[in-house]
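**Q** Sequence and predicted structure, then a few things I'm wondering about:
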Amino acid sequence: MKKWTILSVSALVIAAFISCSKDHDVARTLDPQDIRFVYLASQANAAEINLGQLASDSSTTPEIQAFGQKMVTEHSALQSSLQALATQLGLTAPNDLDTAHTSLRTKLLKVKGYSFDSLYIHSMFNDYQKLVNFYQDAHGLGNNTEVRDYINANIGTIEDHFTEVIAIAPKY
């Protein structure tokens, strides 16, 4: 049931994304999977930037602060590149948090110390597990060369982040 809800929401997002694009003709020639990738990757970047900044500012653990700052720096670069691609394709890459990450942010703002670090890093573990799969799956679904180039250029960064989270998470 949850999978169908996500698919339905994705279809609505794609339709809205196309209708809000600057160049309707370019957006209509894109595969829906390419449009979905740009939209969801952009939201993932926004989440990593926003929550990474919160970790950098709120954690009292140098390891979590450093990881958070690294997420801000590296996902800002990914987002900048993705926004340029989206503009080229006549799309808009969102910078806002989705509902799940807004809720996580609210929870993180209510905890401190070890509880903050644990909630943040285990949430990142879950996010990166999904994100690595998302990038791997997206590579084989769409047909836009520029989107595939973006995926190829950045999947290694996403996988590196996941490897780093895997190393950090057991401590919390």
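**A** Structure's in. What do you need?
**Q** okay, CA-based contacts and neighbour counts for the rest of this
**A** Noted.
**Q** For the chain, which residues score under the pLDDT cut-off?
**A** When residues are selected by pLDDT under 70, those of the chain lie in 1-28.
**Q** host element of residue 41?
**A** For residue 41, the host element (DSSP states H and E) is helix 32-58.
**Q** Strands along this protein, start to end?
**A** Counting by DSSP state E, the chain has no strands at all.
**Q** And for the residue lying closest to residue 56 once chain neighbours are set aside, the neighbour number?
**A** In this structure, residue 56 finds its nearest non-sequential neighbour in residue 65, 4.0 Å apart by Cα to Cα, 6 or more residues apart in numbering. For residue 65, the neighbour count with other Cα atoms under 10 Å is 20.
**Q** Residue 65 against residue 72, yeah?
**A** No: using Cα atoms under 8 Å, residue 65 is not in contact with residue 72; the gap is 10.6 Å.
**Q** what's the nearest residue to residue 31 if we skip its chain neighbours?
**A** Sequence neighbours aside, residue 142 is the residue nearest to residue 31 in space, at 5.9 Å (criterion: Cα to Cα, 6+ apart).
**Q** And the one you found, its phi and psi?
**A** Main-chain torsions, residue 142, degrees, to the nearest 10: phi -80, psi 180.
**Q** The helix holding residue 41 packs against which elements?
**A** helix 2-20, helix 62-89, helix 113-141 (3 or more Cα pairs under 8 Å, 6 or more residues apart in numbering; DSSP states H and E).
**Q** Include distance to residue 167 when you put the ones you listed into a markdown table, please.
**A** Output for the helices and strands packed on helix 32-58, formatted as a markdown table (distance: least, Cα to Cα, whole Å):
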| stretch | distance to residue 167 |
| --- | --- |
| helix 2-20 | 30 |
| helix 62-89 | 11 |
| helix 113-141 | 10 |
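**Q** Quick one: closest of the ones you listed to residue 56.
**A** helix 62-89 (4.0 Å; Cα to Cα).
**Q** buried residues in that closest one?
**A** Going by neighbour count (16 or more other Cα atoms under 10 Å), the buried part of helix 62-89 is 64-65, 67-72, 74-76, 78-79, 82-83, 85-86, 89.
**Q** The helix holding residue 41 vs helix 62-89, what angle?
**A** Angle, helix 32-58 to helix 62-89, by axes from the mean of the first three to the mean of the last three Cα atoms, to 10 degrees: 150 degrees.
**Q** so how far is helix 32-58 from its chain's centroid?
**A** Centroid displacement of helix 32-58 relative to its chain, using Cα atoms, centre = their mean, to the nearest Å, is 3 Å.
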